[in-house]
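Engineer: Quick check, what structure comes out for this input:
(one chain, ligands or ions: 1)
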Amino acid sequence: MEFVRRTEREALKSFYDFSVIWHEERHDFAAMDGEETIGVVEIRIAASLAHVERIVVLPERRRAGVGRALLNACADTANYYNCHKMSVLVPHKSAAQTFFEHCGYKEEAVLPQHTFKLDMAVLRKFLL
Ligand SMILES: CC(C)(COP(=O)(O)OP(=O)(O)OC[C@H]1O[C@@H](n2cnc3c(N)ncnc32)[C@H](O)[C@@H]1OP(=O)(O)O)[C@@H](O)C(=O)NCCC(=O)NCCS
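Structural biologist: Numbering: from 1, shown residues only. Okay, here's the model as predicted:
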């Protein structure tokens, strides 16, 4: 870690070809029904991007708008931090891809034989 701290600023400048101060943060949201948690989502914000790390809704509470509401909360926070784009990686042509597409995400690329050797779709939604 000491090495990373010492070299980070120069390495980022060399990598991006402009001066960068890297700042990364994570935000979690939960959907509640009274005391019960019925869904959660986590995003990682860095470099003007908000990446959906995970989103899960209880099986018996799916298809009732909870996932969409969680993504909307993420988009509000991403907007607050001036992110221009949200992204997520899902198995290509999966139910998760259909869910994100219904929530306004578009397929941006397909990474062949990626996670667990599955084809994975990179989905995105522009915010600005
Ligand atoms: C993906 C997941 C979060 C969706 O949550 P949800 O609360 O059921 O989603 P919503 O009810 O808000 O659905 C939003 C839209 O997506 C559609 N949708 C959701 N799940 C779908 C599915 N399995 N197949 C097709 N469409 C689906 C809904 O019909 C709705 O579209 P519409 O309003 O235009 O009719 C939930 O199924 C889940 O937890 N899955 C397991 C974990 C997972 O795969 N996470 C995603 C990758 S990180």
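
Engineer: what pLDDT does the nearest residue to Ala96 once chain neighbours are set aside get?
Structural biologist: Counting by Cβ to Cβ, 6 or more residues apart in numbering, Val90 is the residue found nearest to Ala96 once chain neighbours are left out, at 4.2 Å. No exception for glycine: its C-beta is placed from N, CA and C like everyone else's. Val90 carries a pLDDT value of 98.

Engineer: show me the residues around Val90 that make contact.
Structural biologist: 96-97, 100, 120-121, 123 (Cβ atoms under 8 Å, 6 or more residues apart in numbering).

Engineer: So what sits opposite it in the bridge?
Structural biologist: Ala121 (DSSP bridges).

Engineer: That one and Phe15, how far apart?
Structural biologist: 27 Å (Cβ to Cβ, to the nearest Å).

Engineer: And the residue of the protein closest to the ligand?
Structural biologist: Gly67 (2.5 Å; Cβ to the nearest ligand atom).

Engineer: Make sure that residue is indeed in a strand.
Structural biologist: No: under DSSP: H, G, I helix; E, B strand; the rest coil, Gly67 sits outside any strand and is assigned helix.
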